[in-house]
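S.K.: Predicted coordinates and the sequence they were generated for:
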Amino acid sequence: MPAAAISLPPTTRTENFPVPPPSIPCRNYPHSFPAAHSPSPPTHWREFPKTHNPPPRISSPRWPAARSNLNLPSLPFISAPPSPRPDNPFFGSHAPSPSPYDSSMKVPPDDRTWCEISTSALRHNLRTLRRGLPRKVRVLAVVKDDAYGHGLIPVARTLNQAGCEEFGVACVAEGVQLRQAGIRQPILVLGSTLPFEFPLALRHRLTLTLSSLTEARELARTARRARLPALVQAKLDTGMNRLGANPVEFSELLLFIARQPPFKLLGTFTHLACADSNPAFTRRQLLRSSLLPKNLPLHWANTAALLSRLPFASTHARPGLGLYGSNPLARSSPRLKPVLSWKSRILVVRSVARGESISYGATFRAPRKLKVATVATGYAHGLPRSLSSRGHALIQGRLCPILGRVTMDMTLLDVTRLPSARRGQEVVWIGRSGSLTRTAADLAREAGTIPWEILTRIHPALPRHIS
């Protein structure tokens, strides 16, 4: 039975709507179609009429066969094929849903740029920093911010196996990750913790830093409601003015902690602002730190303080950067081994004629004919954009300068003096190549920054291969 013609609600544009042949039974479809339509099919979704009605559900048994007779428009912007199900056809202006993403599909790691982590170097650095410390001094290893970009879990497990007694993290989330990875040693959250994080910290027995009476009162309320002990350390500000209570508030803070049953005070500490560069200011900070109670565990000695061999009067050492092989001191000190190597690969090698521009902005023009390699590393991976036209990388033991601007995913190197440069060849940003070695400090010097930033800005999604 042919479809009955009934009037449609008025629409603004109906001339391009497709019309089925009259022999198609569409008894369940609530509308008919206008008699006139353009012979040319629409090419853009805006050319279809606007309708507020839901898509049709065709239940006629003859519909699958009849659907092939429809003169449906060809839409080049739709990549998914129409659904073969009779109850979900491609009809009118209703495009098919694309195939759902297969979450079981395995995506290989992007080994065009990657990091290598040496656990033997990590153990060596821990032994080196322990050397010269009193036997009873405990090491609180700072593994904050993804272990300075090296990978939180593998680094913490290696240090745990090497005998590290405690760990320091930046936030509650990192502490929870360590607990879930099986770390049972005390974990100190070095940063400030917000009230909504308190319950999670209490459940995982994380030690929280208290810098003010406000924080202490908030934590006490949460701990009483949860009926859990609150493990805390009190921080004294000795001149950095970032976190920590000033000397007057510090005494009040200790008194409040002592009077609150939920609290268990595990120690006190401060932070040296410039142990690597300003000995006079450091001495003033140490003088202020004499306010810390002597009957409690205390710590202030970071990597620079340990390597400087400052007079040691604390129960804990708190190394950070030195564990990963970077030396914050300009002068000579015990030999540390870099833990992280950062490598990439050449994508393309090409010749650039004299006078041609290179990379964005045409900021660099070839002074002569150059051989240029495009490398699969950019600022999205953590390479500082400030290295544009001033940084270097190693290829086959040769230092190759960066040409033009560092781009999001790629960087261009001058390989004119390296005739063997080829596609797929290894490029070293940090690490050893031939007889030469590049460190995070070398990269930082060229970028006008510090090794801490170079290491921590390496994208965490890059593969970390543990040796």
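M.R.: In hand now; what should we look at?
S.K.: residue ranges with poor pLDDT in this structure?
M.R.: 1-110, 274-291, 310-312, 330-334 (pLDDT under 70).
S.K.: what about the longest strand in it?
M.R.: strand 340-352 (DSSP state E).
S.K.: Tell me what Asp414 is bridged to.
M.R.: Val372 (DSSP bridges).
S.K.: pretty sure it contacts Thr374?
M.R.: No: counting by Cβ atoms under 8 Å, Thr374 is not a contact partner of Asp414; they are 11.7 Å apart. (Each C-beta comes from the backbone N, C-alpha and C, glycine too.)
S.K.: Neighbour count for the two, which is higher?
M.R.: Between Asp414 and Thr374, counted using other Cβ atoms under 10 Å, Asp414 has the larger neighbour count: 21 against 17.
S.K.: contacting residues for the more buried one?
M.R.: Contacts of Asp414 were listed using Cβ atoms under 8 Å, 6 or more residues apart in numbering, and they are 370-372, 400-403.
S.K.: Taking those, tell me the two that lie furthest apart.
M.R.: Lys371 and Ile402 (14.4 Å; Cβ to Cβ).
S.K.: Between the two, tell me which one has more neighbours.
M.R.: Ile402 (23 against 16).
S.K.: Look up the closest residue to that one, ignoring the ones flanking it.
M.R.: Gly391 (4.5 Å; Cβ to Cβ, 6 or more residues apart in numbering).
S.K.: Could you pull up the contacting residues of the one you found?
M.R.: So Gly391 contacts 383-384, 401-402, 406, 443, 446-447 (Cβ under 8 Å, 6+ apart).
S.K.: For stretch 230-240, measure first residue to last.
M.R.: 26 Å (Cα to Cα, to the nearest Å).
S.K.: Measure how far it is from the centre of its chain, please.
M.R.: Offset of stretch 230-240 from its chain centre (Cα atoms, centre = their mean, to the nearest Å): 28 Å.
S.K.: what's the spacing between the residue nearest to Ile402 and Leu443?
M.R.: Taking Cβ to Cβ, to the nearest Å as the measure, Gly391 falls 7 Å from Leu443.
S.K.: Next, show the common contact partners of the two.
M.R.: Common neighbours of Gly391 and Leu443 (Cβ under 8 Å, 6+ apart) are Pro384.
S.K.: Name the member of the contacts of Gly391 that has the highest neighbour count.
M.R.: Most crowded among those, counting by other Cβ under 10 Å, is Leu383 at 30 neighbours.
S.K.: and the closest residue to that residue other than its chain neighbours, what element?
M.R.: Leaving aside its chain neighbours, Leu383 sits nearest to Thr377 (5.3 Å; criterion: Cβ to Cβ, 6+ apart). Under DSSP states H and E, no helix or strand contains Thr377.
S.K.: next one: Thr437
M.R.: strand 436-438.
S.K.: Name the strands paired with that strand and say parallel or antiparallel.
M.R.: Strand pairing (DSSP bridges) places strand 436-438 next to strand 426-433 (antiparallel).
S.K.: can you pull out the strands in the stretch 251-400 of the chain?
M.R.: 263-269, 298-301, 316-317, 340-352, 357-358, 364-365, 370-375, 392-395, 398-401 (DSSP state E, counting those that start in this stretch).
S.K.: Same list, these, but as TSV with distance to Leu126 please.
M.R.: Compiled in TSV, the strands of the stretch 251-400 of the chain are given as follows (distance: least, Cβ to Cβ, whole Å):
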stretch	distance to Leu126
strand 263-269	20
strand 298-301	15
strand 316-317	10
strand 340-352	15
strand 357-358	44
strand 364-365	43
strand 370-375	33
strand 392-395	27
strand 398-401	31
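S.K.: For Ser118, find the nearest of these.
M.R.: strand 340-352 (7.6 Å).
S.K.: Partner strands of the closest one and their direction?
M.R.: Counting by DSSP bridges, strand 340-352 is paired with strand 113-117 (antiparallel), strand 370-375 (antiparallel), strand 426-433 (antiparallel).
S.K.: Can you show me the helices along the chain?
M.R.: In the chain, the helices defined using DSSP state H lie at 63-67, 119-130, 144-149, 152-161, 172-180, 198-203, 213-226, 247-259, 279-288, 303-308, 440-447, 451-456.
S.K.: Reformat these as JSON lines; add distance to Ser359.
M.R.: As requested, those are exported to JSON lines (distance: least, Cβ to Cβ, whole Å):
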{"stretch": "helix 63-67", "distance to Ser359": "53"}
{"stretch": "helix 119-130", "distance to Ser359": "34"}
{"stretch": "helix 144-149", "distance to Ser359": "26"}
{"stretch": "helix 152-161", "distance to Ser359": "34"}
{"stretch": "helix 172-180", "distance to Ser359": "37"}
{"stretch": "helix 198-203", "distance to Ser359": "46"}
{"stretch": "helix 213-226", "distance to Ser359": "48"}
{"stretch": "helix 247-259", "distance to Ser359": "53"}
{"stretch": "helix 279-288", "distance to Ser359": "42"}
{"stretch": "helix 303-308", "distance to Ser359": "37"}
{"stretch": "helix 440-447", "distance to Ser359": "17"}
{"stretch": "helix 451-456", "distance to Ser359": "21"}
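S.K.: nearest to Leu190, of the ones you listed?
M.R.: Short answer: helix 144-149, nearest of the helices of the chain by Cβ to Cβ, at 6.2 Å.
S.K.: Please list the residues outside that closest one that contact it.
M.R.: Counting by Cβ under 8 Å, 6+ apart, 152, 155-156, 168-171, 174, 190-191, 320-321, 323-324, 340, 382, 452, 455-458, 460 sit against helix 144-149.
S.K.: just how off-centre is it within its chain?
M.R.: Centroid separation for helix 144-149 versus its chain: 10 Å, with Cα atoms, centre = their mean.
S.K.: likewise stretch 261-273?
M.R.: Using Cα atoms, centre = their mean, the offset of stretch 261-273 from its chain centre is 29 Å.
S.K.: again, but for stretch 229-237
M.R.: The answer for stretch 229-237 is 28 Å, by Cα atoms, centre = their mean.
S.K.: how many neighbours does Arg354 have?
M.R.: 10.
S.K.: whoops, I mixed them up, Arg259
M.R.: 9.
S.K.: quick one, what contacts it?
M.R.: Applying Cβ under 8 Å, 6+ apart, no residues contact Arg259.
S.K.: quick one: it from Ser192, how far?
M.R.: When Arg259 is compared with Ser192 (using Cβ to Cβ), they lie 22 Å apart.
S.K.: again with Ile395
M.R.: Ile395 is 44 Å from Ser192, by Cβ to Cβ.
S.K.: Can you report phi and psi for the residue nearest to Leu383?
M.R.: Note on Thr377: backbone dihedrals following degrees, to the nearest 10 are phi -140, psi 140.
S.K.: tell me the contacts of it?
M.R.: So, once contact is read as Cβ under 8 Å, 6+ apart, Thr377 ends up touching 113, 344, 383, 409-411, 427, 429.
S.K.: neighbour-wise, which of Ile395 and Ser192 wins?
M.R.: Using other Cβ under 10 Å as the criterion, Ile395 and Ser192 rank with Ile395 on top: 21 against 17.
S.K.: Thr407 contacts Tyr379, correct?
M.R.: Yes: applying Cβ under 8 Å, one finds Thr407 in contact with Tyr379, separated by 7.4 Å.
S.K.: Give the bridge partners for Ala234, please.
M.R.: Here Ala234, judged by DSSP bridges, has bridge partners Leu210, Thr268.
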